[in-house]
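J.: what's the 3D shape of this:
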Amino acid sequence: MTVWEALAVGLAGLAAGAINAVVGSGSLITFPTLVAVGVDPVVANVSNNIGLVPGSVTGAYGYRAELRGQRDRLVRLAAGSALGSLAGGILLLYLDPDVFQVVVPVLIGLACVLVIIQPRLNTWLAARREHAHADGGPALWLGVFGAGVYGGYFGAAQGVLLIGLLGSFLDEHLQRVNAAKNVLSLVVNFTAAVLFVLVADVDWWAVLMVALGAMVGGFVGAKVGRRIPAPLLRVVIVAVGIVAIIKLVYG
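T.: Reported below is the predicted structural model:
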């Protein structure tokens, strides 16, 4: 990797870290950049996942105020994220990539719909549930597990999936949902990273440059994202989801 290529990867990591903190689809920037500078696609996917972990840490830290009171809930949901990520990482190493190319755009599209209708859906669910689960119940846990499988496999726009799920099942402000999303994304990325370090080929220069950029980007993105009004944040999430679908379908 030349100096200019390393700089390009670092800048891509910076942008990805910021976007992941606000919404979650930074891999759509870093993964193509790594491939463009000559990294093998599978190695790029693995290295990108590992490199984005520091950005997930700073993004979650930036939302620490919105995380207050969510510890018990996140401990339960994090177990689903970790198990799902482990399964997804194993699928990445052994499954034909064409399988998820069909399913992933559908999942992201569904998440966008959930984000759009979340306020009305929350009202509808609250009116029909006598005993609502503070942690979203088994249905949300299974949904988070499924998002973890996807995140461990590829990860682009996993934040859109998580926000759609968390926002639909939890009676919380969107910024608190986004904070929870950052923690669960961190769990997914970290779990997959541990697996990949142990068993996969890794380009450590790519990891270093993505990590340096993502670390700064995650902190900056959290600072900006916390100030975005919920309606505008909802628009941003859906817009990113649509871009992710177009990118995944048409390349």
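
J.: contacts, neighbours, all on C-alpha from now
T.: Fine.

J.: Give me the mean pLDDT for stretch 38-54.
T.: In this model, stretch 38-54 has an average pLDDT of 88.

J.: Check which residues of that stretch are buried.
T.: Judged by neighbour count using 16 or more other Cα atoms under 10 Å, the buried positions of stretch 38-54 are 39, 42-54.

J.: One more: stretch 186-199?
T.: Residues L186, V187, V188, N189, F190, T191, A192, A193, L195, F196 are the ones in stretch 186-199 that count as buried (16+ other Cα under 10 Å).

J.: quick one: which of the buried residues of stretch 38-54 is nearest R226?
T.: For the buried residues of stretch 38-54, the residue nearest R226 by Cα to Cα is P54; the value is 19.1 Å.

J.: Look up how far M209 lies from the spatially closest residue to the closest one that is not a sequence neighbour.
T.: Leaving aside its sequence neighbours, P54 sits nearest to M215 (Cα to Cα, 6 or more residues apart in numbering; 5.1 Å). Look at M215 and M209: by Cα to Cα, to the nearest Å, they are 10 Å apart.

J.: Go through the buried residues of stretch 186-199 and flag which are in helices.
T.: Counting by DSSP state H, the buried residues of stretch 186-199 place L186, V187, V188, N189, F190, T191, A192, A193, L195, F196 in helices.

J.: Make a markdown table from those and add distance to E66 to it.
T.: As requested, those are exported to a markdown table (distance: Cα to Cα, whole Å):
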| residue | distance to E66 |
| --- | --- |
| L186 | 16 |
| V187 | 17 |
| V188 | 20 |
| N189 | 21 |
| F190 | 21 |
| T191 | 23 |
| A192 | 26 |
| A193 | 26 |
| L195 | 30 |
| F196 | 31 |
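
J.: returning to that earlier point: the residue nearest to P54 contacts G51, correct?
T.: No. Shown here, M215 and G51 do not form a contact pair, counting by Cα atoms under 8 Å, at 9.1 Å.
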